[in-house]
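Trainee: Let's see this in three dimensions:
(2 chains)
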2 protein chains.
Amino acid sequence: MRDVSIIGIGQTQVAEHWDRSLRHLAGDAVLAAMKDAGIDPGAVDALYVGNMLSGLLTGQEHLGALIADFVGLRGIEALKVEAACGSGAAALRQGYIAVAGGLHDFVIICGVEKMTDTVNAETTTGLVMAADADYESIHGLTFVSINALLMRRYMYEYGVQHKDFAQFAVNAHGNAVGNPNALYRRPITAEHFARARMIADPINLLDSSGIGDGAAAVVLCPSSMAREYGNGRAVHVKASSMATDAVAVHDRHDPLWLSAAEASAFKAYQQAGVGLHDIDLFEVHDAFTVMSALSLEAVGFAQRGKGVQLAQAGEINREGRIPICTMGGLKARGHPVGATGIYQVVEVAQQLRGQAGDNQIPNARLGMAQNIGGSGATVITHIFEAQD
Amino acid sequence: MRDVSIIGIGQTQVAEHWDRSLRHLAGDAVLAAMKDAGIDPGAVDALYVGNMLSGLLTGQEHLGALIADFVGLRGIEALKVEAACGSGAAALRQGYIAVAGGLHDFVIICGVEKMTDTVNAETTTGLVMAADADYESIHGLTFVSINALLMRRYMYEYGVQHKDFAQFAVNAHGNAVGNPNALYRRPITAEHFARARMIADPINLLDSSGIGDGAAAVVLCPSSMAREYGNGRAVHVKASSMATDAVAVHDRHDPLWLSAAEASAFKAYQQAGVGLHDIDLFEVHDAFTVMSALSLEAVGFAQRGKGVQLAQAGEINREGRIPICTMGGLKARGHPVGATGIYQVVEVAQQLRGQAGDNQIPNARLGMAQNIGGSGATVITHIFEAQD
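Mentor: Have a look, this model is predicted:
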């Protein structure tokens, strides 16, 4: 197995891009990543597209060939990978497998989602396809209400109140201010959080990540070739792992334990040969505040039921023990679902390359990104290291 | 790179399975393949699901985790691959890459599609998502009418008539009689073909493959381990390749030349170290009769514009130079779109294992399967050899 590195990154702003179609968004991100890598298009072996909703929302499947052609790579191997909101990192993992195994040398992974200007259905109809259609959504559950049930249970079991989750949202919004690609570049306070409009009790507007249109892309190649590209700013993929759980929450052994997040993270620690304390930042899948808490517990940064205390103690801030959502997270950078996993990776790369601007984590060497499909049924964890 | 083999196969009948949900169909195929391989569930590293339409038609994405859990493999790496009607073989290729590269040892690939009992939309709305939404379907083109334009152009350019395509349908239906898993197990004549109901001029009912519900699955492992499984009937994956073209037909350099089929096939010949004359059977993607002709030309079995003559001369029959659609093809076995690519592979394996019953090609040693997404924009070619 070969070591694999990221040699180029690209992204669009997360926004309501009413004037940009799905292929234009993807094209912007892919071309930016290729330019950043400084690679010749003729060298690219394959394109992996992470996307969840293009069929339902814009009447377009077959994104692999479509985007490959649009960015000037007609003819190359290209396909779409889907794992609900984990589609982006699941696509990255396929590209990683191909390069690590020696089947390809240069691959591009693009996560893209177009959620405004939809033709067939509303996004709520789309997002609940991450849940179990036959046993969850058929009863009228939306994706937000499934997470609301989890949050209610969390509050009941661990004796915490809604206001205790505030710092997850406050931290994310604070970090988004410094990210020009974020959807919501405005800070919020705990008071804003407490007063926000209710969505699905107890989840309110500021518990929830904002959906949007966006695309992000990375270029991978074997680490041994990486120094020739990307101006010597390559980022080594130290670990890549994926695990699953039951899709329906009621089928899980323990609804308040993200066993796939645990399994995926601990496999990644082992592969990377690192411990929790080595990790300088963690891009967490904060689709809802309760998911941040559950994720921090599952991967080991907090004990069971203590995720909110980590946030309340300021340990998730840029100066804390484990900074999360350093560019705004899903909450405030925005959550274009199939693209999110690649945004997380691009942001970790920005940090490890020292290009995170005002949001730079000083001396960041090791970063982790965890992308979750559904309410925890698919979890993909990657660990990255700055490559000297 | 390691050699890779198929050690287990499974399939459901292609039919209108009104009493079977998507997960049940997939489960039937996966469990059959695991039983055929004789592997322990604990040995399985990953599940790759090929599917195109589950989101739109049944409100269910996230099939990787869903099916993994349903078949008793909760926790393993699992995801969905989509490349329009080429989703099945695209998923197989991802599994192949993971095993060949040494990232996984035992993987299962399942193609599944549920096209009856749909909730959100009709299948016509779904199938056209294989075409270009912004430049083809927006004008009212359906997937059948795009193929009708291709067939009309073919007839005009090469001076052939509709009746000249009859033998593609006659051969496929004749072969389906001997396949218990086929959708249409009845023979037809050239007269039936000529009299069939018009769908989109010049494509009539018997030019068209029948959609249906179905699932097929294979188990892969390194060839070096294959002898211990599947009762010594392993099938070696001698080549795996994928290529793309523009999605919109009008964007291609030549609408009557499937350049991705050519590129993918010739890469596969090179990888396998075989020539055309070594291949004993060819499972062709006969979504419409014109696609059979174009495919045979692109991969080299017929000269440009001479694909129909190959059929008329009987060379595609079981006794001919290059038997195609030996178990009924898309036309008569049926075309559950995202599952089709795996049905083709299962059928080649049946032939190479000497288990094709009345349809057995005598002394079949080398078989090729080619799965096409859209009207030629994504093409995946695999070549298989009986493993002694």
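Trainee: my guess is residue A:274 meets residue A:266, correct?
Mentor: No. Using C-beta atoms under 8 Å, residue A:274 is not in contact with residue A:266; the gap is 11.3 Å. Backbone N, C-alpha and C define where each C-beta goes, glycine included.
Trainee: who touches both of those two?
Mentor: Here residue A:274 and residue A:266 have no joint contacts, going by C-beta atoms under 8 Å, 6 or more residues apart in numbering or on different chains.
Trainee: And the residue of chain A found nearest chain B, how close does it get to residue B:62?
Mentor: Closest to chain B within chain A is residue A:101: 1.4 Å, counting by C-beta to the nearest C-beta. The gap separating residue A:101 from residue B:62 is 26 Å, by C-beta to C-beta, to the nearest Å.
Trainee: what mean pLDDT does the helix or strand containing residue A:99 have?
Mentor: Here residue A:99 sits within helix A:87-100, counting by DSSP states H and E. When pLDDT is averaged along helix A:87-100, the result is 98.
Trainee: and it, how far from the chain's centre?
Mentor: 14 Å (C-alpha atoms, centre = their mean, to the nearest Å).
Trainee: Number of residues surrounding the residue nearest to residue A:203 when sequence neighbours are not counted?
Mentor: Nearest non-adjacent residue to residue A:203, counting by C-beta to C-beta, 6 or more residues apart in numbering or on different chains: residue A:148, 4.5 Å away. Applying other C-beta atoms under 10 Å in any protein chain shown, we find 23 residues neighbouring residue A:148.
Trainee: now residue A:148, what's its secondary structure?
Mentor: When classified by DSSP: H, G, I helix; E, B strand; the rest coil, residue A:148 comes out as helix.
Trainee: Likewise for residue A:145?
Mentor: Once three-state DSSP is applied, residue A:145 turns out helix.
Trainee: Would you state the predicted confidence (pLDDT) at it?
Mentor: With respect to pLDDT, residue A:145 scores 97.
Trainee: So, low pLDDT: which residues of chain A?
Mentor: A:120 (pLDDT under 70).
Trainee: hey, where'd the strands end up in it?
Mentor: A:4-11, A:46-50, A:77-82, A:107-113, A:198-200, A:203-204, A:214-222, A:235-244, A:281-283, A:366-373, A:378-386 (DSSP state E).
Trainee: Tell me who's in contact with the closest residue in space to residue A:363 that isn't next to it in sequence.
Mentor: In space, and not counting its chain neighbours, residue A:363 is closest to residue A:280: 7.4 Å by C-beta to C-beta, 6+ apart. Counting by C-beta under 8 Å, 6+ apart, residue A:280 makes contact with A:323, A:351, A:361, A:363, A:364, A:365, A:366, A:367.
Trainee: so who does the last one touch?
Mentor: Residues touching residue A:367, when contacts are defined by C-beta under 8 Å, 6+ apart, comprise A:279, A:280, A:281, A:282, A:283, A:348, A:351, A:352, A:383, A:384, A:385.
Trainee: go again using 7 Å as the cut-off
Mentor: A:280, A:281, A:348, A:351, A:352, A:384 (C-beta atoms under 7 Å, 6 or more residues apart in numbering or on different chains).
Trainee: how far off strand A:107-113 does the helix holding residue A:99 point, in degrees?
Mentor: Counting by axes from the mean of the first three to the mean of the last three C-alpha atoms, to 10 degrees, helix A:87-100 lies at 170 degrees to strand A:107-113.
Trainee: Can you name the residues in contact with helix A:87-100?
Mentor: Contacts of helix A:87-100 (C-beta under 7 Å, 6+ apart): A:1-2, A:4, A:46, A:48-52, A:81, A:83, A:104-105, A:107, A:109, A:111, A:218, A:220-222, A:237, A:240, A:242, A:338-342, A:345, A:369, A:371, A:378, A:380, A:382, B:79, B:94, B:97-98, B:101, B:103.
Trainee: Which parts of chain A are helices?
Mentor: Applying DSSP state H to chain A gives helices spanning A:22-37, A:54-58, A:63-70, A:87-100, A:123-127, A:143-158, A:166-176, A:190-195, A:223-226, A:259-272, A:289-298, A:307-312, A:337-352.
Trainee: Tell me the helices and strands packed up against the third one.
Mentor: For helix A:63-70, the contact count by 3 or more C-beta pairs under 7 Å, 6 or more residues apart in numbering or on different chains; DSSP states H and E identifies helix A:22-37, strand A:46-50, strand A:77-82, strand B:235-244 as packing neighbours.
Trainee: Quick one: work out the angle between the shortest one and helix A:22-37.
Mentor: What that stands for is strand A:46-50. 130 degrees.
Trainee: chain center to strand A:46-50: distance?
Mentor: On C-alpha atoms, centre = their mean, the centre of strand A:46-50 falls 16 Å from that of its chain.
Trainee: Over to stretch A:262-281?
Mentor: Per C-alpha atoms, centre = their mean, the centroid offset for stretch A:262-281 relative to its chain is 17 Å.
Trainee: now the residue nearest the centre of chain A: how far from residue A:241?
Mentor: Chain A has residue A:341 as the residue nearest its centroid, 2.9 Å off, counting by C-alpha atoms, centre = their mean. For residue A:341, the distance to residue A:241 equals 13 Å [C-beta to C-beta].
Trainee: picking up where we left off before, let me have the contacts of residue A:367 in a markdown table, adding distance to residue A:232 as columns.
Mentor: Shown next, in a markdown table, are these (distance: C-beta to C-beta, whole Å):
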| residue | distance to residue A:232 |
| --- | --- |
| A:280 | 20 |
| A:281 | 21 |
| A:348 | 18 |
| A:351 | 17 |
| A:352 | 13 |
| A:384 | 16 |
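Trainee: hang on, the earlier thing: name the residues of the helix holding residue A:99 that come out as buried.
Mentor: Neighbour counts over helix A:87-100 (16 or more other C-beta atoms under 10 Å in any protein chain shown) mark A:87-100 as buried.
Trainee: what's the burial count for the residue of chain A closest to chain B?
Mentor: Neighbours around residue A:101, by other C-beta under 10 Å: 21.
Trainee: can you pull the contacts of it?
Mentor: A:1, B:97, B:98, B:100, B:101, B:102, B:103.
Trainee: So which of the residues you listed is the closest to residue A:227?
Mentor: Nearest to residue A:227 out of the contacts of residue A:101 is residue A:1 (C-beta to C-beta; 19.4 Å).
Trainee: That closest one contacts residue B:2, doesn't it?
Mentor: No. The pair residue A:1 and residue B:2 does not pass the contact test of C-beta atoms under 7 Å, sitting 11.6 Å apart.
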